[in-house]
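Visitor: Build the 3D model from these lines:
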Amino acid sequence: MESSLKKLVEISNYYGSDPEYVIAGGGNTSFKNEKHLWIKASGTSMATITESGFVKMDRSALQKISEKTYSEDPLKRESEIKLELHNCIVEDTGLRPSVETSLHNLINSAFVVHTHPTWVNALMCAKNSSEETAKLFGTEALVIEYTDPGYILFKLVEKKITEYVSEFGKDPVIIFLENHGVFVSADTIEEIKSIYRDIDKKIKSKIDFAVPSINPIGSNLTELTESLANSKGLKAKAFNCDLIQHFVKDEDTFKLVGIAFSPDNIVYCKAHYLFSGSDSAKLLQDYESFEKKHGYYPKVIGIKKLGLICLEENEKSLNTVYEVFLDMMKISYATKSFGGPRFMTARQIEFIDNWEVENYRRKIAKT
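Guide: Numbering: from 1, shown residues only. Just a heads-up that it's a prediction; the model follows:
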């Protein structure tokens with residue numbers, strides 16, 4: 001058992017330290033035997049997790065979650081599930097198990113690695129994701145249409161896995177989630193890596209253009225950045241690179257990254273982003289209008305032809321905002337190969353924004 005947990009830490013650190021697979025507290029991993037499942041704690045970084053960062057769960061107790069009935073009210077239901085998951089903990093260390101614990105328990109393989117890879121989401125956040133995935137992977141992979149994370153997603157995946165096993169006589173080792181990411185499962189971490197390499201190779205083979213460079217380039221945004229920071233009492237930092245320049249050239253192009261693609265975008269950057277010009281007074285006016293419309297300040301502001309300004313409460317979370325949004329820009333650019341971007345809907349965004357689980361993850365990320 002000790003050896004298996006070390007392997008779990010190893011594979012978690014391996015993908016968690018690669019920003020093309022995991023950013024901030026995104027993604028989760030697990031190992032299971034017949035009786036127990038060890039799952040990454042919610043909000044914990046895969047890049048630095050140790051054995052103490054996993055929560056030990058009772059698999060027979062987890063199985064009973066599938067057999068029970070819960071409230072029809074989404075937020076009340078998720079609160080009930082949170083309590084149920086807590087009651088399945090074998091050794092309570094004060095950590096909260098990932099909300100996707102029940103989904104991990106569905107999968108028979110010993111190891112499960114769930115990530116949000118840039119190139120996978122270039123496919124999963126595209127308008128033609130289902131058709132293009134079928135062309136690339138055939139019956140090798142199961143594709144799940146976007147649904148609210150948590151219990152509803154768990155029940156949908158449970159149904160789809162049952163149908164897949166009935167049709168093909170085996171478990172799916174690849175489960176793609178639209179506007180979310182991918183689950184890869186196997187009995188060894190070597191197999192996990194092999195499957196991920198194959199996924200990466202197949203998707204990249206269909207992206208026949210280079211994404212603009214993310215190497216930093218200069219831009220004169222000092223005055224605007226300082227003005228925002230001083231007037232709003234927030235940390236502010238300017239960023240610029242070729243990829244940013246592509247999206248800030250005009251308002252129409254910025255709209256291609258104007259709304260969130262995935263729950264991670266909402267957790268770390270919120271769901272909407274501001275585009276403005278270089279006039280300080282006009283920028284502050286646009287800022288106030290944005291805050292009045294959406295109920296929160298813009299964490300990302302595209303400044304026409306000059307670059308990005310990111311805003312947050314502290315330096316750590318500010319850099320996370322930039323990393324997540326930079327990934328979002330890469331995804332948007334690459335969706336050109338699969339029909340263009342597919343944003344989350346207003347109803348989907350509302351669920352994530354009001355979900356206590358994601359607000360907890362957001363809080364953990366800030367600290």
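Visitor: Give me the secondary structure label for residue 69.
Guide: Under the three-state scheme (DSSP: H, G, I helix; E, B strand; the rest coil), residue 69 adopts coil.
Visitor: List the backbone torsions phi and psi for residue 238.
Guide: With angles defined as degrees, to the nearest 10, residue 238 sits at phi -100, psi 150.
Visitor: list the helices and strands the lengthiest helix in the chain packs on?
Guide: Determined from DSSP state H, the single longest helix within the chain is helix 315-334. The contact analysis (3 or more CB pairs under 8 Å, 6 or more residues apart in numbering; DSSP states H and E) places helix 315-334 against helix 118-124, strand 235-239, helix 242-247, helix 263-269, strand 307-312, helix 356-366. In this view, the C-beta of every residue, glycine as well, is placed from N, C-alpha and C.
Visitor: residues of that helix that come out buried?
Guide: Neighbour-count burial for helix 315-334 flags 317-334 (criterion: 16 or more other CB atoms under 10 Å).
Visitor: One more: stretch 207-223?
Guide: For stretch 207-223, a neighbour-count test (16+ other CB under 10 Å) marks 207, 211-212, 219, 221 as buried.
Visitor: Same question for stretch 17-25.
Guide: 21-25.
Visitor: nearest to residue 287, of those?
Guide: Using CB to CB, residue 24 comes nearest to residue 287 of the buried residues of stretch 17-25, at 24.5 Å.
Visitor: What values do phi and psi take at the closest one?
Guide: phi 60, psi -130.
Visitor: hang on, isn't residue 338 packed against residue 206?
Guide: Yes. Counting by CB atoms under 8 Å, residue 206 is a contact partner of residue 338 at 7.4 Å.
Visitor: what's the overlap in contacts for the two?
Guide: Here residue 338 and residue 206 have residue 132 as joint contacts, going by CB atoms under 8 Å, 6 or more residues apart in numbering.
Visitor: These two: which is more packed in?
Guide: residue 338 (24 against 15; other CB atoms under 10 Å).
Visitor: confidence score at residue 99?
Guide: On pLDDT, residue 99 comes in at 87.
Visitor: mind checking the SS state of it?
Guide: Going by three-state DSSP: residue 99 is coil.
Visitor: For the most centrally placed residue in the chain, which non-adjacent residue is spatially closest?
Guide: Central residue of the chain (CA atoms, centre = their mean): residue 264, 3.7 Å from the mean position. In space, and not counting its chain neighbours, residue 264 is closest to residue 26: 4.9 Å by CB to CB, 6 or more residues apart in numbering.
Visitor: need the contact list for the spatially closest residue to residue 31 that is not a sequence neighbour.
Guide: By the measure of CB to CB, 6+ apart, the closest residue to residue 31 outside its immediate chain neighbours is residue 8, 4.3 Å from it. Counting by CB under 8 Å, 6+ apart, residue 8 makes contact with 29-31, 38, 51, 54, 111.
Visitor: In helices, which of those residues fall?
Guide: Short answer: the contacts of residue 8 have none in helices (DSSP H).
Visitor: What subset of those is buried?
Guide: 29-31, 38, 54, 111.
Visitor: will you turn those residues into JSON lines that also has distance to residue 197?
Guide: Formatted as JSON lines, those follow (distance: CB to CB, whole Å):
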{"residue": "29", "distance to residue 197": "17"}
{"residue": "30", "distance to residue 197": "21"}
{"residue": "31", "distance to residue 197": "21"}
{"residue": "38", "distance to residue 197": "25"}
{"residue": "54", "distance to residue 197": "25"}
{"residue": "111", "distance to residue 197": "16"}
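Visitor: The residues you listed: which two are farthest apart?
Guide: Maximum distance among the buried ones among the contacts of residue 8 (CB to CB): 12.4 Å, for 54 and 111.
Visitor: quick one: common contacting residues for those two?
Guide: Taking CB under 8 Å, 6+ apart as the contact rule, residue 54 and residue 111 both touch 8, 30.
Visitor: Pretty sure residue 269 is one of the things residue 24 touches, is it not?
Guide: No. Taking CB under 8 Å as the definition, residue 24 is not a contact partner of residue 269, at 10.4 Å.
Visitor: Now the common contact residues for those two.
Guide: Joint contacts of residue 24 and residue 269 (CB under 8 Å, 6+ apart) are residue 324.
Visitor: Backbone dihedrals for residue 186, please?
Guide: Main-chain torsions, residue 186, degrees, to the nearest 10: phi -170, psi 170.
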